[in-house]
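Engineer: 3D, please:
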Amino acid sequence: MQNGKNYHKHSDSKPQTQLAIEKFADMMIARMEEMKESHWKKGWIDGTGGYGLPQNIASGTLNGGNSFFLQLDTAMNGYKMPLYMTFLQAQNMGLRINKGAESMPVIFWDMLYKDQNGKKVDRSDIDMMTKEERNALTSTPILRVYKEFNVDQTNLAEVNPEKYAKLQERFKAPELRDDKGMYVNAAIDRMLQRQEWLCPVQFDQMAPGASFSPSKDRIVIPMKSQFNISSTPEEIYKDGMEYYSTFLHEATHSTGTPERLNRVKGKQFGDKQYGHEEYVAEMTAAVVGNSLGFDKRILDNNTAYIQGWIQNLKENPKIILSILSDVNKASNMLLEEIDKQKIALGETTILNRKGTNLEPAGANFENAAIVKQKNGEFAARASLNGTELEMKPVAREIGIRYFSLPEGKEKERLLTTTLNSSYAADISKLTQHQTRGYKVG
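Structural biologist: Numbering: from 1, shown residues only. Reported below is the predicted structural model:
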């Protein structure tokens, strides 16, 4: 395995979903064993690979559980930034995937529709149905997988070093220190000072430790000054990160109450539900922390869990699915609240960032759509400045996602970025000047 020991026997005959789950489990096991060996000095992401949520080069940020494993993939392989693309996207941009490169799975839930006779119904056919016909269908959630490669697994740095350097600069974490030399995060500070988290947070009084009380719906964390325990400027800076990481961990616990995300939490230290909740809090704090520019280390009271976590993942890697689902929901809730503070401060938000726009900008598209062809594959269709363009193949995962989205901005944005990628060469030939973006007709 490229980024960790292979604890599960992988076989090409296994379904892609099972292979993805086993790979995620192997990555987590390998990382936890590395953290044990470092005596907990190494964090989940270890502050490497750039900050911010991982991004697909065209469609923008990748959130939740997928984000955690793409961040982990970036860190464990020493990639410079968490920027990913599919094979087809690389091909459309004239890039080459390095020989022997191992892709990372990205998983998502889709719906399988069948009619009253048990026959599968395509999404394109559903769009043509009446409301009554749609109501007669049965639907089943199914897990799908598509594969992405890090930008460092391509030849971009070789063929366009200037563009590569600019992209790397975008993922560089700014160094933000307070008057004590500790890391400072304005968005979280504003949230705490204005008490705008989902529940009250005590943060300005001395406290022996951090906790969340479900019965009181209240978080307690030590004062930031209590985390200032190191002697060197570098370590003092990281002390500040520990303060915010501690808040994110307890804030994750607070998302699980019945009136919020309704996670089942164990009744006592050591039972399986309690361990699951700590898994979720650890991974969510790692995802959110890294998106803000700092790492999440294992909390002292969770080091005792590590061997149990490792054993559980070895025996039953499928538990990753329920953890990923909970991490996805909790991290989105946290990032949405943090983004509210960022908007108030005039800062760039974390969620819903657009793609990196490697392709040249161009003129307006007309008659634009992603269509499903008779052979089951997907393609992009469009005209540009009155010229009808040749249909271009679209990755299956993008086509499935497009047809699963309701009409609105998100669907339009996916169409725009797909056209941007698919017709890059045509745009260069047919446009005489550049605009900032595309209008989808």
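Engineer: ranges for the strands of the chain?
Structural biologist: With strands called from DSSP state E, the chain shows them at 55-56, 60-61, 83-85, 104-114, 138-150, 201-202, 211-213, 218-220, 365-372, 378-384, 387-388, 392-394.
Engineer: out of these, which one sits most buried?
Structural biologist: The highest average neighbour count among the strands of the chain, using mean count of other CB atoms under 10 Å, belongs to strand 83-85 at a mean of 28. To be clear about C-beta, it is placed using only N, CA and C from the backbone, and glycine gets the same treatment.
Engineer: hang on, the earlier thing: how about the strands of the chain in CSV, adding distance to residue 295?
Structural biologist: Putting the strands of the chain into CSV (distance: least, CB to CB, whole Å) gives the following:
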stretch, distance to residue 295
strand 55-56, 19
strand 60-61, 19
strand 83-85, 19
strand 104-114, 20
strand 138-150, 19
strand 201-202, 22
strand 211-213, 22
strand 218-220, 21
strand 365-372, 38
strand 378-384, 38
strand 387-388, 50
strand 392-394, 36
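Engineer: any chance of CSV for these, columns mean pLDDT?
Structural biologist: Converted to CSV, those look like this (pLDDT from 0 to 100):
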stretch, mean pLDDT
strand 55-56, 89
strand 60-61, 78
strand 83-85, 94
strand 104-114, 85
strand 138-150, 88
strand 201-202, 98
strand 211-213, 96
strand 218-220, 98
strand 365-372, 84
strand 378-384, 84
strand 387-388, 76
strand 392-394, 87
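Engineer: out of the ones you listed, which is closest to residue 169?
Structural biologist: For these, proximity to residue 169 was assessed by CB to CB; strand 83-85 is nearest, at 12.0 Å.
Engineer: so what touches the closest one?
Structural biologist: 54-58, 62, 70, 93, 95, 104, 106, 148-151, 154, 167, 171, 356 (CB atoms under 8 Å, 6 or more residues apart in numbering).
Engineer: can you name the residues bridging to residue 55?
Structural biologist: Taking DSSP bridges as the rule, residue 55 bridges to residue 61, residue 83.
Engineer: for residue 138, see how far away it is.
Structural biologist: Residue 55 sits 36 Å away from residue 138, going by CB to CB, to the nearest Å.
Engineer: please enumerate the helices of the stretch 301-441 of the chain.
Structural biologist: All helices of the stretch 301-441 of the chain, identified by DSSP state H, counting those that start in this stretch, fall at 306-315, 319-345, 396-404, 409-422, 424-430.
Engineer: give me every residue that touches residue 130.
Structural biologist: By CB under 8 Å, 6+ apart, residue 130 lies in contact with nothing.
Engineer: quick one, phi/psi of it?
Structural biologist: Dihedral pair for residue 130: phi -80, psi 170, per degrees, to the nearest 10.
Engineer: and it, what pLDDT?
Structural biologist: Listed pLDDT for residue 130 reads 84.
Engineer: residue 126 reaches residue 136, doesn't it?
Structural biologist: No: when contacts are counted by CB atoms under 8 Å, residue 126 is not listed as touching residue 136 (11.2 Å).
Engineer: of the two, who's got more company?
Structural biologist: Shown here are residue 126 and residue 136; by other CB atoms under 10 Å, residue 126 has more neighbours (15 against 11).
Engineer: please report how far that one lies from residue 369.
Structural biologist: Counting by CB to CB - residue 126 and residue 369 are separated by 16 Å.
Engineer: one more: residue 263?
Structural biologist: From residue 263 to residue 369 the distance is 40 Å (CB to CB).
Engineer: with residue 378 instead?
Structural biologist: Residue 378 sits 10 Å away from residue 369, going by CB to CB.
Engineer: care to break this structure down by domain?
Structural biologist: As recorded under automatic domain parsing, the domains making up the chain are 16-170, 186-345, 365-430.
Engineer: in JSON lines, list those domains along with distance to residue 180.
Structural biologist: Formatted as JSON lines, the domains of the chain follow (distance: least, CB to CB, whole Å):
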{"stretch": "domain 16-170", "distance to residue 180": "20"}
{"stretch": "domain 186-345", "distance to residue 180": "6"}
{"stretch": "domain 365-430", "distance to residue 180": "42"}
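Engineer: which one of those domains has the lowest average pLDDT?
Structural biologist: Across the domains of the chain, the lowest-scoring stretch is domain 365-430, with a mean of 77.
Engineer: can you give me how far that domain is from the chain middle?
Structural biologist: Computed by CA atoms, centre = their mean, to the nearest Å, the chain-centroid distance of domain 365-430 equals 24 Å.
Engineer: good, we can wrap up now.
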